[in-house]
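Participant: Sequence and predicted structure below; questions after.
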Amino acid sequence: MLPFILKRLGLALLVALTVSFISFSLLFLSGDPAAALAGETASGEDVEALRRLYGFDRPMLVQYGEWLFSALRGDFGESYYFKLPVAGLIAERLQVTMILGVCGILFALLTAVPLGVVAAIRPNSLIDRVALFLSVAGQAMPSFWFGLILIVVFAIQLGWLPPSGAATWRHFIMPTIVLGYYAMPAIMRLTRAGMLDVLNSDFIRTARAKGAGEGRVLFKHALRNAIIPVVSLAAVQMGFMLGGSIVVESVFALHGAGFLAWESIARNDLPTVQALILVFSMFYIVFTFLADVLNAWLDPRMRSS
Amino acid sequence: MTEHAFTRSLLVAAVLTSGAAMPALADKASDTLNVAFTKELENVDSYFNSSREGVVMQRAVWDGLIYRDPETNEYIGNLATSWEWIDDTTLEFKLREGVTFHNGEPFNADDVVFTVNYVANEENGVKTQRNVNWMKSAEKIDDYTVRILLKDKFPAAIEFLSGPVSMYPNEYYAEVGPSGMGLKPVGTGPYKVTEVVPGQHFVLEKNENYYDSPKGQPTVGKIDIRTIPDVNTQMAELFSGSLDLIWQVPADQAEKLGQMGQFTVANESTMRVGYLQMDAAGRSGADNPFTNAKVREAVNYAINREELVQALLKGSSQVINTPCFPSQFGCAQDVTTYDYNPEKAKELLAEAGYPDGFSTEFYAYRDRQYAEAIASYLNAIGIETDFKMLQYSALRELNMKGEVPLSFQTWGSYSINDASAMVSQFFKHGSLDSTRDDEVLDWLNVADSSTNPDERIEYYTKALKKITGEAYWAPMFSYNTNYVFTGDVNYTPTADEVLRFVDMSWN
């Protein structure tokens, strides 16, 4: 098991390196960072001075090597925009994103898995139809739209919740629902399909035949098998939520890491974008890794492979 | 992502039809005015940002030596009580006594000397060099007398000293530098900063010991500024009572908010001018049609600017005929103007050898709807446009390389009320000059450096007459901005796009 984990970790590191190199190359090609840094009011001479100051006139490989060397020591440089250390900036913004991501995925799992199970037990029932409607609506509705509808209803008309910001836990209710709702349909449909599949399989019939209780059949035998692909999916969704909650963060004025990434791209704030890409790709890698471990625990057959 | 006109309409409509009871505002009771910024401010230190939000903070937290009354445009002493030109490149100031910074440090000549010497040194990396690079250094005469030495003759010095150049506490700034100043700003201004979450949240409190400044005394106790990137969310916050004032509100929304009755909607012009830049110098290829003056005139005649202003920009926007904003010193208005005349435009195109028109790349970096409207006017006279919307920095880069035949551009002059801030920026053979007219260059050199106001006006007028006569640009319109605030707030916005918290009070 240990060599397997080490091998996986080594692979993960290589993936992260590759991602960072590709993104660095793309950013390098995307435009003149000096012009963006200088801002609208600067003259051509200001831009030239900045280009020299930041060393944008040097070869790309030299710039990448320098960045990587510092990054390995935990120094991601200083944000061109905020003139503050990138590491601190990201750490601060990640808090909001983490809270939102964890709440979002929990909300999605806690609603989608039970709904999926119920829908599978009673296919084509009213509950199944409602669940189907919810998932179609969830896939079809853009997050910013859903977010605004919630704001109009719960913040303006009913006045129950604050419209935006991150000051208290109440501020996170609507963003959690919007973000979680987006991930919900896929999890629910996968749970339903998996459950239907498993419930029709031989070993479930055997379990029922030997007289196991319905609850035991459903949760110990069926769900445990049906949930395996859901775990993998949820891991990917979690990665998506941490890196891709840009729209939700923007609508609810939550200054998280996703929003920071979006803004930093527009501002050509290369050190921040670089570090964020690395952090986000690490999230995907770590969650995929954790999902594998969790699946191995759920399904003994995976442990040997 | 942030500009969904349809969604915004829905939001207002939903609120209007629901008859939602607006919650009573608790903020007046707690003497806190809640304001939204749209963009994340990079650094509160005013020398290290180049955004509008930064100017707003600068005017609240710091003071300059001189103050320009936004109504009368008259220069009044602020941290200086008087000033005089010793010679063409030396300004002497008598400083106000008894002023202290927010941290208790007394203000005197040492602060001026330190600030000027720090910002004028290019190595310290002040973001907008043009604001400070005309100063060479400063020297102390005595505790309350100081001289600023200029690199060269620079008649707009007084305007800059009343605008972007503000005075910093020498001991504190030497210790903390720009990033420390950005996190814990210290100035002499009417408001002191009590909280900074970079880019997100700023809290200002009334400076109880504010000296007798021409800015006036602050009345609102606390200003709470949050960055809310989405205009829809800003409006939701306004409806729910957790914001008291929003600004830079799009025209269509401002109109609807005005109709609701419970908000004050004020519209004021800004110095930002929109214009078409044409490659008259032929940098993007010598065969480029815009090297022909008749084509450039045709472009000027082709666009119904009156209609653009009335239908799209609305408010206090106006048609602009010059490559500068009319209120700017030296921005003469007795120039060649081009009224909407598509027939004449077609004739001119035919005379220029393009009876069937031609096709060109057309670039823009903001306000897609304005650019598209302009493109449709050009299409109507036979100029086919291959429209490309780019990021500002990308377009600027192309422009500096001279690869842009036609583009819709805007310039805000950094709210500097002097024509040099715009004309001289673009017609002095710099990398952004698409015309390269030697005569214009010579005239602007005289106008920019003369200390005789009449001579300045004379030479700016010459340059502007040539620029408009040759139709080098097609100036379009000025921008405006909408301020929307609750009935509790009493405020009259000024024409320079600067929110002045010191002028706000409760009704």
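Facilitator: All right, it came through fine. Residues are numbered from 1 along each chain as shown, chains lettered A, B, ... in the order given.
Participant: From now on I want contacts and neighbour counts done on CA atoms only, so please keep to that.
Facilitator: Will do.
Participant: Now tell me what touches stretch B:331-348 from outside.
Facilitator: Here stretch B:331-348 makes contact (Cα atoms under 8 Å, 6 or more residues apart in numbering or on different chains) with B:294-295, B:297-305, B:321-322, B:324-326, B:355, B:380-382, B:418-419, B:457, B:460-461, B:464-465, B:468-469.
Participant: any idea which element B:T385 lies in?
Facilitator: Taking DSSP states H and E as the definition, B:T385 sits inside strand B:383-389.
Participant: Check which residues of that strand are buried.
Facilitator: Neighbour counts over strand B:383-389 (16 or more other Cα atoms under 10 Å in any protein chain shown) mark B:I383, B:E384, B:T385, B:F387, B:M389 as buried.
Participant: Which of those sits closest to chain A?
Facilitator: Lowest distance from chain A to those (Cα to the nearest Cα) belongs to B:M389, with 13.9 Å.
Participant: quick one: the residue nearest to that closest one when sequence neighbours are not counted and chain A, what's the gap?
Facilitator: If you skip the residues right next to it in sequence, B:M389 has B:A364 as its closest partner in space, 5.0 Å away by Cα to Cα, 6 or more residues apart in numbering or on different chains. Separation of B:A364 from chain A (Cα to the nearest Cα, to the nearest Å): 14 Å.
Participant: so what's B:A364 bridging to?
Facilitator: For B:A364, the beta-bridge partners are B:M389, B:F408 (DSSP bridges).
Participant: Give me every residue in the stretch 51-200 of chain A lying close to chain B.
Facilitator: Contact residues (Cα under 8 Å from any Cα of the partner chain) of the stretch 51-200 of chain A with chain B: A:81-84, A:145, A:148, A:151-152, A:155-157, A:159, A:163-164.
Participant: Can you add pLDDT and give the residues you listed back as JSON lines?
Facilitator: Below are these laid out as JSON lines (pLDDT from 0 to 100):
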{"residue": "A:Y81", "pLDDT": "83"}
{"residue": "A:F82", "pLDDT": "85"}
{"residue": "A:K83", "pLDDT": "82"}
{"residue": "A:L84", "pLDDT": "86"}
{"residue": "A:W145", "pLDDT": "88"}
{"residue": "A:L148", "pLDDT": "89"}
{"residue": "A:I151", "pLDDT": "90"}
{"residue": "A:V152", "pLDDT": "88"}
{"residue": "A:A155", "pLDDT": "89"}
{"residue": "A:I156", "pLDDT": "87"}
{"residue": "A:Q157", "pLDDT": "86"}
{"residue": "A:G159", "pLDDT": "85"}
{"residue": "A:P163", "pLDDT": "88"}
{"residue": "A:S164", "pLDDT": "88"}
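Participant: quick one: which of the residues you listed is most hemmed in?
Facilitator: A:P163 (33 neighbours; other Cα atoms under 10 Å in any protein chain shown).
Participant: ok, the residue nearest to that one when sequence neighbours are not counted - contacts?
Facilitator: In this structure, A:P163 finds its nearest non-sequential neighbour in A:A155, 5.2 Å apart by Cα to Cα, 6+ apart. Residues near A:A155 by Cα under 8 Å, 6+ apart: A:L161, A:P162, A:P163, B:A236, B:S240.
Participant: how about a cut-off of 6 Å?
Facilitator: A:L161, A:P162, A:P163 (Cα atoms under 6 Å, 6 or more residues apart in numbering or on different chains).
Participant: what's the closest of those residues to B:L65?
Facilitator: Relative to B:L65, the closest of those is A:P163; by Cα to Cα it sits at 41.8 Å.
Participant: quick one, longest strand in chain B?
Facilitator: strand B:263-278 (DSSP state E).
Participant: Using a markdown table, lay out the contacts of A:A155 together with secondary structure.
Facilitator: As requested, the contacts of A:A155 are exported to a markdown table (DSSP: H, G, I helix; E, B strand; the rest coil):
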| residue | secondary structure |
| --- | --- |
| A:L161 | coil |
| A:P162 | coil |
| A:P163 | coil |
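Participant: quick one: which of those residues is nearest chain B?
Facilitator: A:P163 (6.0 Å).
Participant: Show the backbone phi and psi for B:V35.
Facilitator: phi -130, psi 150 (degrees, to the nearest 10).
Participant: Quick check, it in contact with B:L245.
Facilitator: Yes - the pair B:V35 / B:L245 is scored as a contact, 5.1 Å apart, by Cα atoms under 6 Å.
Participant: Sketch out the low-pLDDT regions of chain B for me.
Facilitator: For chain B, applying pLDDT under 70 flags the ranges B:1-26.
Participant: Would you tell me which helix is longest in it?
Facilitator: The residue-count maximum for a helix in chain B (DSSP state H) belongs to helix B:453-469.
Participant: What is the helix or strand just after it packed up against?
Facilitator: Sequence order places strand B:473-486 as the next helix or strand after helix B:453-469, per DSSP H and E. Under the contact criterion of 3 or more Cα pairs under 6 Å, 6 or more residues apart in numbering or on different chains; DSSP states H and E, strand B:473-486 touches strand B:245-247, strand B:263-278.
Participant: Just the ones of the residues of the stretch 51-200 of chain A next to chain B in helices?
Facilitator: Judged by DSSP H, these include A:W145, A:L148 as members of helices.
Participant: And the helices in the stretch 101-250 of chain B?
Facilitator: B:109-120, B:129-132, B:157-161, B:170-183, B:231-239 (DSSP state H, counting those that start in this stretch).
Participant: of all those, which gets the most neighbours per residue?
Facilitator: By mean neighbour count, with neighbours taken as mean count of other Cα atoms under 10 Å in any protein chain shown, helix B:231-239 ranks first of the helices of the stretch 101-250 of chain B at a mean of 26.
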